[in-house]
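Undergrad: Got a sequence here, can you build the structure:
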Amino acid sequence: MKKTMTHDAEELEILQAWEAGALKPVKQMSRAIKAHQVAAEATFKKDQRINIRISSRDLKNIQARALEEGVPYQTFVASVLHKYVNGHLVNLR
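TA: Here you go, the predicted structure:
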């Protein structure tokens, strides 16, 4: 049986750009990689703690959504907060 690959919209856009020859090599690749690594480390560094009180119902819903995403609920909450404060939170429901 042949396995069929599926791509999301972003992957299709990249694939089309690649096939069209629109992608250009990055100059000073090692410097660009290092800059991205530094940014990623700063983004995911967890050096502060907060404590909040929320309703049992909200916590159960958060835990259920985290389970759907396949991540621990505290990681899910941190991700939602990060997306919100950076203006990237999109509600699809």
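
Undergrad: all contacts plus neighbour counts: C-alpha atoms, from now on.
TA: Noted.

Undergrad: CA atoms of the worst-scoring helix or strand of the chain on mean pLDDT as CSV?
TA: Confidence across the helices and strands of the chain bottoms out at helix 29-44, with a mean of 85, counting by mean pLDDT, DSSP states H and E. Once non-C-alpha atoms are left out, helix 29-44 reads as follows in CSV (Å, rounded to 0.1, in the frame of the first residue of the first chain):
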residue,chain,number,x,y,z
MET,A,29,24.5,30.6,7.4
SER,A,30,26.4,29.8,10.7
ARG,A,31,25.8,33.3,11.9
ALA,A,32,22.1,33.1,11.1
ILE,A,33,21.8,29.7,12.8
LYS,A,34,23.4,31.0,15.9
ALA,A,35,21.1,34.0,16.0
HIS,A,36,18.1,31.7,15.7
GLN,A,37,19.4,29.5,18.5
VAL,A,38,19.9,32.4,20.8
ALA,A,39,16.4,33.7,20.1
ALA,A,40,14.9,30.2,20.7
GLU,A,41,16.8,29.8,24.0
ALA,A,42,15.5,33.2,25.2
THR,A,43,12.0,32.3,24.2
PHE,A,44,11.8,29.0,26.0
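
Undergrad: Any chance you could list what contacts it?
TA: residue 26 (CA atoms under 8 Å, 6 or more residues apart in numbering).

Undergrad: hmm, try it at 6 Å
TA: By CA atoms under 6 Å, 6 or more residues apart in numbering, no surrounding residue is in contact with helix 29-44.

Undergrad: Low-confidence regions, the chain specifically.
TA: Along the chain, segments meeting pLDDT under 70 span 1-4, 93.
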